[in-house]
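1. I would like to see how this sequence folds:
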Amino acid sequence: MNPKELAVGFAVWAAENTNWILRESYFLTGSRSLAEDAAQNAFEKIFKAWPDDEKRNTIQQSRGYVSAIIRNAHSDYHKVPSRSNRNEQALDATENILTGGAGDPESLVPSVREAILNALDETESQMVYLVHYEGHSIGKAGAMIGLEAQQPYRVHARALKKLKIYLEGSEEEG
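-> Residues are numbered from 1 along each chain as shown. This is a model prediction of the structure:
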């Protein structure tokens, strides 16, 4: 098979099995967002194996084999040590941007500090502080505030969106 035929074959197989793989991933993780990550990682592993005729036939004929790929992709995702290093570097960069390199909340860049105070409600500002200053995960910060399930992710996303809009508006004025 040429590369184009392989890609088309994979696309057809993936389209036919996406719902099943998402359900299988959700069963494994118990969370929609984690299930989507696990499914994406599984699709990536399957795509890499697709050119091998023997593996492709096994993938097409055995849901058990695909389930094992999903489990392995999910566990591999949580084993990657470099991912935490990248997260720490991103947190350090965010903290430097927010504090101007000074490292304490009182030294926040004035426009960012003003945006946090003026654009966000109390829950959103607590979320931004806990995630981007103290370095907690979104889920842990949400639990500390008393949010449940997917609420922390929505609150965090909404807060960042509000900050972006507020800061873009203040740049136009200034």
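
2. Assess the claim that Leu167 and Ala115 are in contact.
-> Yes: between Leu167 and Ala115 there is a contact under C-beta atoms under 8 Å: 5.4 Å. In this view, the C-beta of every residue, glycine as well, is placed from N, C-alpha and C.

3. contacting residues for Ala14?
-> By C-beta atoms under 8 Å, 6 or more residues apart in numbering, the residues touching Ala14 are 43, 46.

4. in the helix or strand containing Lys48, what's buried?
-> Element membership of Lys48 [criterion: DSSP states H and E] is helix 32-49. The neighbour-count check on helix 32-49 (16 or more other C-beta atoms under 10 Å) flags 34-35, 37-39, 41-43, 45-46, 49 as buried.

5. what about that helix, distance to the chain center?
-> Centroid displacement of helix 32-49 relative to its chain, using C-alpha atoms, centre = their mean, to the nearest Å, is 13 Å.

6. which residues sit against the host helix or strand of Ser125?
-> Using DSSP H and E, Ser125 maps to helix 122-128. The contact list for helix 122-128 (C-beta under 8 Å, 6+ apart) reads 116-117, 120, 138, 141-142, 145, 147, 152, 155-156, 158-160, 162-163.

7. Residue ranges in the protein under the pLDDT threshold?
-> Judged by pLDDT under 70, the chain has its weakly predicted residues at 77-113, 170-174.

8. swap the cut-off to 90 and go again
-> For the chain, applying pLDDT under 90 flags the ranges 1-11, 25-45, 47-48, 63, 70-153, 156-174.

9. about what we covered before: please produce a ChimeraX select command covering the buried subset of the contacts of helix 122-128.
-> The buried residues among those can be selected in ChimeraX (16+ other C-beta under 10 Å) with this line:
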select :116,120,138,141,142,145,147,152,155,156,159,160,162,163
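
10. Cheers, nothing more for now.
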